[in-house]
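> sequence and computational prediction follow.
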Amino acid sequence: MTPAVIQLAAEAAERQSAEVTDWGARIAWVIGLLVFIAFVYWLMRQGWKWRGALQSDLPELPAAPDGLPEHRLALTGRYHGSTTAGQWLDRIVAHGLGVRSRVELTLTDAGLHVVRPGATDFFVPAPRLRGARLDKGIAGKVLTEGGLLVVTWAHGDKLIDSGFRSDRAAEHAAWVEAINSMNQSITTEGAER
């Protein structure tokens, strides 16, 4: 080996590699990111509470009466939320209507019984049912065309659209027909009086 090569090898052995990671800066960035994420979630929660306060004039949800008549239709599936009728992005959060959950729907001659495990159950009396349709979206949930059963009903002085998706989507058409025929018979009966 030549003296130049030996000298280079000695210098290389003496030099230490520079630190690759500045742990203090990295930890500060991670903590800053976690604080930012927590702040965003806090803002979202405040927005949800604010929306609930704005909708506080909505009356309590009616409970199902005892002794419901035999059901016309029943389904299990998902409840995707409620909005102001005709405004598919104006979510209603008051009284738990904004909480997504599993659902068991039962349609009787008395009305629509909505059972939601882990959320507030409610009942829509038949005279308050305004109609049903197949749609593709409601407040943050978009499906294929006709993948969502939307039931329009009156609650207090407000019309509400509630979105449901059956575990068997083929059932939706029968629900639309049954609710719309109930609505027509209710309207006809009301006009005769």
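It's in.
> could I get the contacting residues of G111?
Contacts for G111 were tallied using CB atoms under 8 Å, 6 or more residues apart in numbering; they are F123, V124, P125, A126, R128, L129. Any C-beta I mention is one placed from the backbone N, CA and C, and that applies to glycine too.
> from the residues you listed, pick the one nearest V40.
Set against V40, the nearest of those by CB to CB is V124 (35.6 Å).
> so after the top helix by length along the chain, what's the next helix or strand?
Longest helix in the chain, counting residues (DSSP state H): helix 23-54. Following helix 23-54 in sequence order, the next helix or strand is strand 71-84 (DSSP states H and E).
> any buried residues in that following strand, and which?
By neighbour count with 16 or more other CB atoms under 10 Å, strand 71-84 contains the buried residues L75, G77, R78, Y79, H80, G81, S82, T83, T84.
> which strands and helices sit next to the helix or strand just after it?
Per DSSP H and E, the first helix or strand lying C-terminal to strand 71-84 is strand 91-92. Identification of packing neighbours for strand 91-92 by 3 or more CB pairs under 8 Å, 6 or more residues apart in numbering; DSSP states H and E yields strand 71-84.
> shaky segments in the chain?
Residue ranges of the chain with pLDDT under 70: 1, 10, 12-20, 183-193.
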